[in-house]
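Asker: when you get a sec, could you give me coordinates for this:
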Amino acid sequence: MPAMSPDTTATSVADATRHVVQEFLAARMAGDVERLVELFADDVDWLLADNPAVPWIRPRSTGVDCAAQCTELAEHTVAEDARASVDTFLVDGTDAVLTGHLSGTVRATGKSFAGPFALRLTVEEGRITRHHLYENSVSIAEACTPS
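Answerer: Numbering: from 1, shown residues only. Down below sits the predicted model:
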């Protein structure tokens, strides 16, 4: 069997990363927490600015806790108003970066939030080991704060 060239190896790693990220997005959209638990590594480098005003935004580090963020978000927001679109999906080896726009409505206040986001994921051995989300946290905090 001929040895794989570095370009072929890089393409294969990028393809595997892309596949896992696509599975992650599908599971998020479906609210499939069991699948998310399978996709997250046992230990995850999770970054999302801690925000005491927002119940679903807090430090996390285990795959189970990271997957639970999906359930917590659903408990606190109006499902019919939730929107997310991906404008860019870049993959380089084990890293993926997605940019787009998200919006929603907080159930407790009836207030809406919206803004751009960037998500950096790292996939190693078929599981997500890094989840860094950058979003309009001010808009989300304002939507969570009663008038």
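Asker: from here on, just use CA atoms for contacts and neighbour counts.
Answerer: Fine.
Asker: who touches the longest helix belonging to the chain?
Answerer: When the chain is parsed with DSSP state H, its longest helix is helix 6-30. Helix 6-30 is contacted by residues 33, 35-36, 39, 70, 91-96, 121-124, 126-128 when judged by CA atoms under 8 Å, 6 or more residues apart in numbering.
Asker: from the residues you listed, which land in strands?
Answerer: Among the contacts of helix 6-30, the ones falling in strands (DSSP state E) are Val91, Asp92, Asp95, Ala96, Leu121, Thr122, Val123, Glu124, Arg127, Ile128.
Asker: now do the contacts for the fifth one.
Answerer: Leu121 makes contacts with Val21, Asp95, Ala96, Val97, Ile128, Thr129, Arg130, His131, His132, as judged by CA under 8 Å, 6+ apart.
Asker: so it bridges to which residues?
Answerer: Beta-bridge pairing for Leu121 (DSSP bridges): Ala96, His131.
Asker: hmm, back to that, ranking by neighbours, what's the top pick from the ones in strands among the contacts of helix 6-30?
Answerer: Ile128 (27 neighbours; other CA atoms under 10 Å).
Asker: checking Pro55 next. Helix, strand or coil?
Answerer: coil (DSSP: H, G, I helix; E, B strand; the rest coil).
Asker: report pLDDT for it.
Answerer: With respect to pLDDT, Pro55 scores 88.
Asker: the one 4 residues further on too?
Answerer: The predicted local distance difference test score for Pro59 is 89.
Asker: so it is in which element?
Answerer: Under DSSP states H and E, no helix or strand contains Pro59.
Asker: neighbours of the nearest residue to it once chain neighbours are set aside, just the number please.
Answerer: Spatial nearest neighbour of Pro59, chain neighbours left out: Asp50 (6.3 Å); criterion: CA to CA, 6 or more residues apart in numbering. The number of residues packed around Asp50, counting by other CA under 10 Å, is 14.
Asker: and Cys66, by the same measure?
Answerer: 24.
Asker: that one and Glu38 touch, don't they?
Answerer: No - with contacts counted by CA atoms under 8 Å, Cys66 stays clear of Glu38, the gap being 11.0 Å.
Asker: coming back round to it: turn the contacts of Leu121 into TSV, columns for pLDDT and distance to Thr11.
Answerer: As requested, those are exported to TSV (pLDDT from 0 to 100; distance: CA to CA, whole Å):
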residue	pLDDT	distance to Thr11
Val21	98	15
Asp95	98	12
Ala96	98	13
Val97	98	16
Ile128	98	18
Thr129	98	20
Arg130	98	20
His131	98	22
His132	98	23
